[in-house]
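In: any chance you can model this:
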Amino acid sequence: MRKPNGYGCIKKLSGNRRRPYVFVVSARGKQRPVEYFATQTEAEIYAADYNKLHKHRSLPGHQMTFAELYYRWLNRHIVDTSPSVSAINGYRNSFSHCSSIQGMNYTEIRYSDYQRILDDMRKSGLSYSSVKKVRSLFSLMEKYANKIEINNKNYASLLSLGRNRPVRPHKPFSRQKINRLWSISDAYGVDTVLILLYTGMRVGEMLNLLKSDINQRQHLIRIARSKTAAGIRSIPIHHRILPFILNRLQTPGQFLFTDNKGNPYNYSRYCVLWREVMHKIRADNHTTHDCRHTVATLLDNAGANETAKRRILGHSGGDVTERVYTHKNLRQLRKCIELLP
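Out: Down below sits the predicted model:
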């Protein structure tokens, strides 16, 4: 569609740029860049909003595509809910699976178009969890479309995910493997695994810890950034891992867990370190999430209070009474965490 005179235009800049698309407008006979974008769709959305705001006009006959709705929803969702970086990356990954409908007018997309995407994902060997995240994206976008009165479709609730067949069921660490970790606790990176095994933290929670999140006087870890609301919590530091925490506090930088150069780990880099440690104790089949299963299993075996265990692991309460009326103080949580051998 040809843009009207004075609407502005979008250009793609040369070279390897993080945001190669630029929206430019004419001012005094010269083109002036207004904003830069990672994708052309984001630039098109900005151009449309810019003209509505500054020139009070829209493109005639414009139909919103799935991609445009996604970017509009994502920006609004970030403002409203402040999702974690991992959640945003999850949305972007889910969107990448929808290439077959990204250019389609949103109002013309039907149930069969959505279901075909999910079926193709399962056929290609992607996990049940990945497919579920795509369906969740559809649901969130449908709710946003209803809010802005584009459409009132509700296909997401009708979509089938197929059977959930775990690729590799999680299993706890054995006592022998934990003992092997303690026997090489001075080796590089082993302290991080033991900290996971004695706190129940998610690996993302651990990697995001700042030194300011550690209360040295009360021996507490404050989880201020988590994937769920229940994940925002305080975990008493088990006496066996306290020396590791104190040593980490002496390293340079604001993050608690960094490499030898003081650079914080992202998940991919940490997984390399994890595999190295697992190889040393002959536990190559274990994943980081097995640490949480280990903590839950060991606390169950020790007869830990169920509510205290949920608080430590960052799980939401099982019923209204537990979520609203039951409170566990620090002493009770410490008693629970110290049940770990």
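In: what about stretch 283-290, distance to the chain center?
Out: From the chain centre to the centre of stretch 283-290 is a distance of 20 Å (C-alpha atoms, centre = their mean, to the nearest Å).
In: one more: stretch 118-134?
Out: For stretch 118-134, the distance from its own C-alpha centre to the chain's C-alpha centre is 18 Å (C-alpha atoms, centre = their mean).
In: and the contacts of it?
Out: 90, 93-94, 97-98, 117, 135, 159-167 (C-beta atoms under 8 Å, 6 or more residues apart in numbering). For the C-beta atoms, the positions are set from N, CA and C on the backbone; glycine is no exception.
In: from the residues you listed, which two are the most distant?
Out: Maximum pairwise distance in the contacts of stretch 118-134, criterion C-beta to C-beta, is 24.9 Å, between C98 and P166.
In: circling back to that earlier point, out of the contacts of stretch 118-134, who's the most crowded?
Out: Of all the contacts of stretch 118-134, S94 has the most neighbours under the rule other C-beta atoms under 10 Å, reaching 22 neighbours.
In: quick check: that one vs L140, distance?
Out: For S94, the distance to L140 equals 10 Å [C-beta to C-beta, to the nearest Å].
In: by mean pLDDT, which helix or strand of this structure comes out lowest?
Out: helix 320 (a mean of 38; mean pLDDT, DSSP states H and E).
In: next secondary structure after it?
Out: Next in sequence after helix 320, counting helices and strands by DSSP states H and E, comes helix 330-337.
In: give me the secondary structure label for the closest residue to P252 other than its chain neighbours.
Out: The shortest distance from P252 to any non-neighbouring residue, by C-beta to C-beta, 6 or more residues apart in numbering, is to G262 (4.4 Å). When the structure is split into helix, strand and coil by DSSP: H, G, I helix; E, B strand; the rest coil, G262 lands in coil.
In: any idea how far G262 is from I150?
Out: On the measure of C-beta to C-beta, G262 and I150 end up 48 Å apart.
In: and those two? Which one has more around it.
Out: Using other C-beta under 10 Å, the more surrounded residue of G262 and I150 is I150, with 17 against 11.
In: avg pLDDT for the helix or strand harbouring R222?
Out: Per DSSP H and E, R222 falls inside strand 220-223. Here the mean pLDDT over strand 220-223 is 94, rounded to a whole number.
In: low-confidence stretches in the chain?
Out: Within the chain, the segments meeting pLDDT under 70 span 1-7, 52-62, 165-169, 227, 317-328.
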